[in-house]
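>>> Show me how the following folds:
(chains A and B)
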Amino acid sequence: MISEFYEKLAKLAVNYAVGVKKGQRVAVVGPTIAEELFQAIYVEVLKAGGQPLLLPTVEGMQELLYKYGSEEQLLYVDDIKISIFKDFDCFINIFGDYNPKKLSLVDPKKVAKSRSSPGNLEAMNYYMERSAKGEFNWVVVPFPCNAFAQEANMDLFSYSDFVQKALRLDKEDPVKEWRAVEKKQDLIVEILNTIDKIHVISEDTDLILSVKGRKWINCCGHLNLPDGEVFTSPLEDSANGHIRFTYPGIYGGREIENIYLEFKNGKVTKATASKAEDLLHELIAIENADILGEFAIGTNYGITDFTKNMLFDEKMGGTLHCALGRSPPETGAKNISAIHWDILKDMSSPGSKVIADGKVIYEEGQWKI
Amino acid sequence: MMKSFFQKLAKLAVNYSVGVKKDQRVYVMGPTLAEDLFQAIYVEILKAGAHPLLIPNVEGEEELRFKHGSEEQLIYIDEVFRIIAKEFDSLIYIFGDYNTRKLSLVDPKLVAKYYGSQTRREINKIIDERYLKGEYKWVGIPYPSHSLAQEANMDLFSYFEFVEKALFLDKEDPIKEWKIIEKMQNSLITILNTSEKISIFGEDTDLSFSVKGRTWGNCCGHENLPDGEVYTSPVEDSVNGYIRFTYPGIYLGHEIENIYLEFKDGKVIKATADKAQDMLQEIIAIENAKILGEFAIGTNYGITDFTKNILFDEKIGGTLHCALGLGLVECGGKNECALHWDILKDMKPSGSKILADNKIVYEEGRWKI
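Down below sits the predicted model:
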C-alpha cells in the first residue's frame, strides 16, 4: 500500500503543480531510492489520464561516469534525454539523494564542462523556451531521505515531519492550501509591481536597489515543492550599500560563513566571510557573478529550520535571499552568468525591515501590506 | 563474492554477448532491484567506449498500470521506446523479479492485449528486422533475486551458486568457456543442417518431423545467458506421432503437469494433462498454437535443476524442448502466432534417443556425433 504521505505529495505534484491533463506525456525522473514516490506519482498520472514515463536514475551513475568515462562520454547526452525536454508535456523531478557529497572528489571543472555540454545546453534551451511558452510544465518535489536528514542534522522521521509541514501535507487538502498561498501572494506581487525602489535595513545592512520596470514573480507550488517566495531581479547597475547574510552560503558542498557584501552601482566592491573567504572571492570573480541576479523574500512559515537544502531554505518565512550571477529572465532582467548562487538572510531580528518607495512593507519577518 | 559475480556477468554480457563497440548506444533495462548489476554493466559499457542508457523499471509499474490504467493507457508505449528500437545498437535485458506472480490476479485477456498491442508488435518488428540484419544485438541476462530463488525452492545464496554455474561465472574466464561452446555447437549444427528427418523416441514418445531446408541455430551466450541449446523450426505440416513431456509447462504462473500431445500432419489432435488440463486446451485454441514452432535440445550441463524459469530450464543439458506457436524466422520457420510456449522433456532416461535421417545422433542425454 502506498502511504498517505506519498499519495498526498503525488496528488499535489500531478494535479496542482504541473496539472497533468488527459493524453499528456509525463516524464518522471529521480533516484531509485524514491521508488515509493515514483509509484504514487505513477498512479496519479494514470488517474489523470496521462501517459507516465518513469526514468529512475541508478545509484552511482554520475560518479561512475566521472570515474570511468572518457571526455567524449562525459559530454555525450543521448537524444532520448533531449526528447524529454523537446517532446514531453510535463516533467516531475524528484529531488532526493543517497549522498549529496558524491561528487566532492571530482574536479569541479570537469563537472562544469559536462553540465554545459552541447547536448545539455540543447536540452536546457528546449526547457527554457517551452516552459516560457507554457508547453512544458515542470516541478521539483522532494523525497525525504537519510542523506538530506543527515545534512539537516536530523533523523529521517523528524525530517519527514519537517517536509510534511513545509509542503502542507499535514493539512487535509494541501492543494487547497497552496491555492490560498497563490491568491494571497498575487495581491502582494500586484503591489510590488508598482514599486521603483527597495531599501533593506537590518543588522550590518543598508542596501538600496531599483526594481523599476521589473516583474515580481509569485512562487506558489507550481515549479517547486515546497514553495513560498516572491522574487524579482534588481536593475543590474542599481545596487548600492552593504548587506550581511546570516546563513552560510553553500557552494559545491562547502560552507561560506558570515558573508558580507558591499555594492557600488550594481557591482560587489567588497566581499568578506569568516570561513572560506577564498571560495567567496573565486565565485565573485566568475564573469557577471558580482551582479545581483535576484532579490527574493521567503514566505513559507511552515519551514522553520535551515537544512542546507536550497529547495527548502530559500522559502523560509521571515528570510530574504539574494542571488549573485544569472538573473531569471521572467522578471525582465538580463544578467548572464555561469552561476546563480543564492545566499540567505534572516529578517525576523529586531529592526529588520524592507522599505518600498519610502513605505515600510515588511518588518521583522512579516509583511506589512 | 557478489561483487565479482556482477563484474564477471557484466563483462560477459557487454564484451561477449552483445560485443559492445566504441561509440555505440546501448540500452539497458531491468527491475530497479538489479541496481548493482546495472552499475556493473554501466562501468563495462563505459570501458568499452560506448554510451549507456539505463532505464530501470520501478517496482509495481506493470501491476499498477493494470490496476489504474484505462485500456488506452494500458497499451500505450511511449515513442522513446520506438526510437530506441530504431536507433540503438544493442539491448541488455536484465531478467529479475520481486514477485513472479504479480500479474496472477489480472484478467489474462487484458494481459494478452497488453503484450499483443499494435505498438508493441510494430516495435518488435523493428527489433526483429534489425536483429536479423545484425544491426541490433540483444541479450537477456539473469539477476538472482529472492523471488526467483523462491520459485526454485532455494535460498538466495544457493541460487546465486546455481546461476554462477549455469553461466560459467565460477570459471576464471567465462568468455573463454562460452567461446568453446560456440565452436563445439558449430560442428553439431553443421551436421544437423544436412539432416532431413528427425525422430524422437522416449517414454510414451514416438515423434517425427521434417527439418528439410530449415537451418539450426547455435545458442551460445549471444542472446541468452545462460545459454546452451541448438534449435530449429520443423516444417509446419510434417509433425506426426506423440510425445510426453516430463516437466510441467508453465503458463502465466500456472503449472500444467504431465503434458501429452498427439500430432497429425503438423497439428495437435490430442492434448492431455494431469493438472490444469483446461488451460492446456485454452492454449492450443489460440490461432496457430497447435503447430510446433520450435524443436530444440538443451546442452548446458551446468544446469542440473528445474527452477521454473524458462531462461534456465530450456537449456538443461539432457533435455529437449518443443514450443507450440510462433516459429523462428531465422531458421526458416513460417508459423505466425501470438504465443511461443516452451515445454520440456527429460531425455536422460534409458531408451531415450533422437535419430537424424535414421541415424542415432543423441542418446540418453548425450550427443553421439
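>>> I figured residue A:197 was touching residue A:359, is that so?
No: using CB atoms under 8 Å, residue A:197 makes no contact with residue A:359, being 10.4 Å away. Every C-beta, even on glycine, is put in place using the N, C-alpha and C of the backbone.
>>> Mind checking which of the two has more residues around it?
A count of neighbours by other CB atoms under 10 Å in any protein chain shown puts residue A:197 above the other of residue A:197 and residue A:359, at 15 against 12.
>>> how about the nearest residue to residue 269, chain neighbours excluded?
Defaulting to chain A. Among residues not flanking residue A:269 along the chain, residue A:262 sits closest, at 5.0 Å (CB to CB, 6 or more residues apart in numbering or on different chains).
>>> Please refer instead to chain B.
residue B:262 is the one closest to residue B:269 (CB to CB, 6+ apart), at 5.3 Å.
>>> got it, and residue B:17?
residue B:139 (3.9 Å).
>>> That neighbour: what's it in contact with?
By CB atoms under 8 Å, 6 or more residues apart in numbering or on different chains, the contact list for residue B:139 reads B:13, B:17, B:18, B:90, B:91, B:92, B:93, B:221, B:222, B:223, B:224, B:225.
>>> Select only the buried ones of those in PyMOL?
The buried residues among the contacts of residue B:139 can be selected in PyMOL (16 or more other CB atoms under 10 Å in any protein chain shown) with this line:
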select buried, chain B and resi 13+17+18+90+91+92+221+222+223+224+225
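>>> Now render the contacts of residue B:139 as a markdown table, adding secondary structure.
Output for those, formatted as a markdown table (DSSP: H, G, I helix; E, B strand; the rest coil):
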| residue | secondary structure |
| --- | --- |
| B:13 | helix |
| B:17 | helix |
| B:18 | coil |
| B:90 | strand |
| B:91 | strand |
| B:92 | strand |
| B:93 | strand |
| B:221 | coil |
| B:222 | coil |
| B:223 | coil |
| B:224 | strand |
| B:225 | coil |
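>>> Next, give me the two most distant ones among the contacts of residue B:139.
Greatest spatial distance among the contacts of residue B:139 (CB to CB): B:91 and B:221, at 15.4 Å.
>>> longest single helix anywhere in the chain?
Chain wasn't specified; assuming chain A. If you go by DSSP state H, chain A has its longest helix at helix A:174-192.
>>> wrong chain, I was asking about chain B
Taking DSSP H as the criterion, chain B has its longest helix at helix B:174-192.
>>> Return the list of helices and strands in contact with that helix.
helix B:2-11, strand B:217-219, strand B:229-232 (3 or more CB pairs under 8 Å, 6 or more residues apart in numbering or on different chains; DSSP states H and E).
>>> So for the chain, the centremost residue is which one?
By default, I'm working from chain A. The centroid of chain A falls nearest to residue A:311 when counting by CA atoms, centre = their mean (4.7 Å).
>>> Chain B is the one I meant
Taking CA atoms, centre = their mean, the centroid of chain B lies closest to residue B:311, which sits 4.8 Å from it.
>>> Quickly find the element holding that residue.
Assigned by DSSP states H and E, residue B:311 belongs to helix B:310-313.
>>> Mind jotting down where the helices sit in chain A?
Using DSSP H, the helices of chain A run over A:4-11, A:35-47, A:61-68, A:71-75, A:79-87, A:108-115, A:118-132, A:146-151, A:156-166, A:174-192, A:277-285, A:310-313.
>>> Please identify the most buried of the ones you listed.
Of those, the one with the most neighbours on average (mean count of other CB atoms under 10 Å in any protein chain shown) is helix A:35-47, at a mean of 24.
>>> For the stretch 51-200 of chain A, what lies in contact range of chain B?
Within the stretch 51-200 of chain A, the positions adjacent to chain B are A:51, A:53-61, A:64-65, A:68-70, A:72-73, A:76, A:78-80, A:83-84, A:87 by CB under 8 Å from any CB of the partner chain.
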